[in-house]
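> next input, structure requested:
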Amino acid sequence: MIFETIVTTQNSSGEVHIAPMGIHKQDDLFIILPFRPSTTLTNLLSTQTAIINFSDDVRIFAGCLTGRRNWPLKMAEKVTGHVLENTLAHSEVKLLRMEDDPVRPKLFCQTVHTVNHKPFTGFNRAQFAVLEAAILVSRLDRLTPQKIKSELDYLRIGLEKTAGPVELEAWQWLMEAIAHYQQESKP
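Numbers count the residues shown, from 1 in each chain. From the prediction side, this is the model:
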């Protein structure tokens, strides 16, 4: 099973990197699979720590994919790193081992500390639509324009029925990114 999370890491100079990432959970381990090259991979190998943020604010997912990475942070409690202020819960993890791969290594991480900040009140269909659209944006270079259009047409149904201001803002950011990509890709 893959969980859509926001992973925060930092480099040896203390600069924080925020990235949406689908992670796996296996027993008491989190498995992070960043692509090469990636800032998340470099930072995690350097500091041996990461924070896995469980957030229902879809603006963070959409924002990270559209150049909006300035989200409020606070210091982690047990490892070197930063936690998103607007997260429902977070797990502070330490790298145990890596299964190397030329494209996507597997980083096995042990939870050191977990905190629940506020209750999860459930997702609505608009949040799902934004998450799926964010995944589409992350794959624009691998999908046909027809595939993107058909997926967005379907996702727009749930968005229009259930979105609030947060979801509409995140959706707009993603639609702007798609339009920009398509404009730049024209011959």
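
> next, the spatially most central residue of the chain: secondary structure please.
What sits nearest the mean C-alpha location of the chain, by C-alpha atoms, centre = their mean, is residue 20, with 1.1 Å. For residue 20, the secondary structure call by DSSP: H, G, I helix; E, B strand; the rest coil comes out as strand.

> now do the phi/psi pair for residue 136.
Dihedral pair for residue 136: phi -60, psi -40, per degrees, to the nearest 10.

> correction: the previous question concerned residue 144.
According to degrees, to the nearest 10, residue 144 has phi -80, psi 150.

> tell me which stretches of the chain form strands.
2-10, 16-26, 29-32, 49-54, 73-75, 82-84, 89-99, 106-116 (DSSP state E).

> and the third one, what other elements does it pack with?
Right, the one you point to is strand 29-32. strand 16-26, strand 49-54, strand 89-99, strand 106-116 (3 or more C-beta pairs under 8 Å, 6 or more residues apart in numbering; DSSP states H and E). C-beta here means a position set from N, CA and C on the backbone, and glycine is covered the same way.

> nearest to residue 64, of the ones you listed?
Nearest to residue 64, of all these, is strand 16-26, at 5.1 Å by C-beta to C-beta.

> who does the closest one touch, helix- and strand-wise?
strand 2-10, strand 29-32, helix 39-47, helix 58-65.

> buried stuff in the shortest one?
This points to strand 29-32. 29, 30, 32 (16 or more other C-beta atoms under 10 Å).

> and the last one, by the same measure?
Using 16+ other C-beta under 10 Å as the burial criterion, the residues of helix 58-65 that qualify are 58, 59, 60, 61, 62, 63, 64, 65.

> try stretch 86-97
So, applying 16+ other C-beta under 10 Å, buried residues of stretch 86-97: 86, 87, 88, 89, 90, 91, 92, 93, 94, 95.

> hang on, the earlier thing: now the residue nearest to the centre of the chain, nearest residue through space, not along the chain?
Nearest residue to residue 20, sequence neighbours excluded (C-beta to C-beta, 6 or more residues apart in numbering): residue 61, at 4.6 Å.

> any chance of the helices and strands packed on strand 29-32 in TSV, plus distance to residue 9?
Shown next, in TSV, are the helices and strands packed on strand 29-32 (distance: least, C-beta to C-beta, whole Å):
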stretch	distance to residue 9
strand 16-26	5
strand 49-54	5
strand 89-99	10
strand 106-116	11
